[in-house]
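*Asks:* Below: sequence and its predicted model.
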Amino acid sequence: MVGETLEQHCSIKFDEAQSMGLFPNATFVKDNQAVEGTKGDFIFRDYVDGEEYVSIMFEMKNEMDATATKHRNDDFLEKLDKDRQRKNCEYAVLVSMLEQDNELYNNGIVDKSHRYPKMIVIRPQFFMPVLRLISEGAKRGFLDRHALIKELEAAKNQSMDFAKFEERINRFRTTFSKSVMDAHKKYAAANDGIDKVIEMLEKQIKALRDVKANFDASEQKLLKANEIANEDLTIKKLTYGTPSIRKMLEDAAGTK
């Protein structure tokens, strides 16, 4: 695989995977926009519910056997890392046929994250395994993170609901306590007023009883006076000892 053939190989493998139902929401497109004079080869992005959860910048490198100057994979890592950052990709993968006699690269997936963040170098046969490995791991992390966020939001909402409930309870207690104290003050004032009215009425009752007692005494005196008048106010008694006056009164009565 020389030049564009390596890119075509990876593109065909991705199309085959999508035709079998893998990566239904993903895109694997040629990076045609140069930024600061440089660009990668392909950009892979995948989504869950319209939200991007993983992105990979791919660079494909191959050399013809007749090439005079043989390149090493490490020669392209710095540029690939810069292209990854410029296009806001999370991972960077170098698909390489360079250093064909190097057992390190021939034996599988080579992690270069000790030099550049989330950087991997692979042979073409590991293109799909690495793509699935990265995307599935990223999806699990994405889903776990969202599940955790939902749990935290639910806990936060429960905490907020409890805080609102506690606030309502405290507000009710404050309002109820104020109402009770206001009613207590009104009842106390009413009781004081009733006590004063009772005291005043008791004084009036005593005064009325005194008046009644005076009336009773006066009535007894009047009855006694009447009794005395009936018994003592007679001509006989009034002229007792004065016969001349009695005779005059009797004569006057007989004339009429």
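*Replies:* Arrived safely.
*Asks:* now stretch 13-26, how far from the centre of its chain.
*Replies:* 43 Å (C-alpha atoms, centre = their mean, to the nearest Å).
*Asks:* With only the CA atoms kept, save that stretch in PDB.
*Replies:* Output of stretch 13-26 as PDB, limited to C-alpha atoms (Å, rounded to 0.1, in the frame of the first residue of the first chain):
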ATOM      1  CA  LYS A  13     -12.600  -0.700   6.200                       C
ATOM      2  CA  PHE A  14     -14.700   2.000   7.900                       C
ATOM      3  CA  ASP A  15     -17.400   1.900   5.200                       C
ATOM      4  CA  GLU A  16     -17.600  -1.900   5.500                       C
ATOM      5  CA  ALA A  17     -18.000  -1.500   9.300                       C
ATOM      6  CA  GLN A  18     -20.900   1.000   8.900                       C
ATOM      7  CA  SER A  19     -22.500  -1.300   6.300                       C
ATOM      8  CA  MET A  20     -22.600  -4.000   9.000                       C
ATOM      9  CA  GLY A  21     -24.300  -1.600  11.500                       C
ATOM     10  CA  LEU A  22     -21.300  -0.400  13.400                       C
ATOM     11  CA  PHE A  23     -20.800   3.300  14.100                       C
ATOM     12  CA  PRO A  24     -24.200   4.300  12.800                       C
ATOM     13  CA  ASN A  25     -23.800   7.900  14.000                       C
ATOM     14  CA  ALA A  26     -20.100   8.300  13.300                       C
END
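*Asks:* Was I right to think Ser96 contacts Tyr105?
*Replies:* Yes - here Ser96 reaches Tyr105: they are 6.9 Å apart, a contact under C-beta atoms under 8 Å. The way it works is simple: take the backbone N, C-alpha and C, and place the C-beta from them, glycine included.
*Asks:* Name the residues contacting each of those two.
*Replies:* Counting by C-beta atoms under 8 Å, 6 or more residues apart in numbering, the common neighbours of Ser96 and Tyr105 are Asn73, Val121, Ile122, Arg123.
*Asks:* In three-state terms, label Tyr53 for me.
*Replies:* Classification of Tyr53 using DSSP: H, G, I helix; E, B strand; the rest coil returns strand.
*Asks:* One more: Gly108?
*Replies:* coil.
*Asks:* tally of neighbours for it?
*Replies:* Gly108: 12 surrounding residues under other C-beta atoms under 10 Å.
*Asks:* again, but for Pro117
*Replies:* Using other C-beta under 10 Å, the number of residues around Pro117 comes to 13.
*Asks:* Same check on Leu222?
*Replies:* Around Leu222 there are 10 other residues, counting by other C-beta under 10 Å.
*Asks:* repeat for the one 5 residues further on
*Replies:* Here the neighbour count serves as a burial measure; for Glu227 (other C-beta under 10 Å) it reads 10.
*Asks:* so which strand or helix has it?
*Replies:* Element membership for Glu227, per DSSP states H and E: helix 127-232.
*Asks:* How about Phe58?
*Replies:* Counting by DSSP H and E, Phe58 is part of strand 51-61.
*Asks:* Buried ones in that strand, by neighbour count?
*Replies:* Tyr53, Val54, Ser55, Ile56, Met57, Phe58, Glu59, Met60, Lys61 (16 or more other C-beta atoms under 10 Å).
*Asks:* can these go into TSV with extra columns for distance to Thr174 and pLDDT?
*Replies:* Output for those, formatted as TSV (distance: C-beta to C-beta, whole Å; pLDDT from 0 to 100):
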residue	distance to Thr174	pLDDT
Tyr53	49	94
Val54	53	96
Ser55	55	96
Ile56	59	96
Met57	61	96
Phe58	65	96
Glu59	68	94
Met60	72	93
Lys61	74	91
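*Asks:* wait, which of those residues is closest to Asp182?
*Replies:* Tyr53 (60.5 Å; C-beta to C-beta).
*Asks:* Distance of the residue nearest to the closest one when sequence neighbours are not counted relative to Glu136?
*Replies:* Leaving aside its chain neighbours, Tyr53 sits nearest to Phe142 (3.8 Å; criterion: C-beta to C-beta, 6 or more residues apart in numbering). Phe142 sits 10 Å away from Glu136, going by C-beta to C-beta, to the nearest Å.
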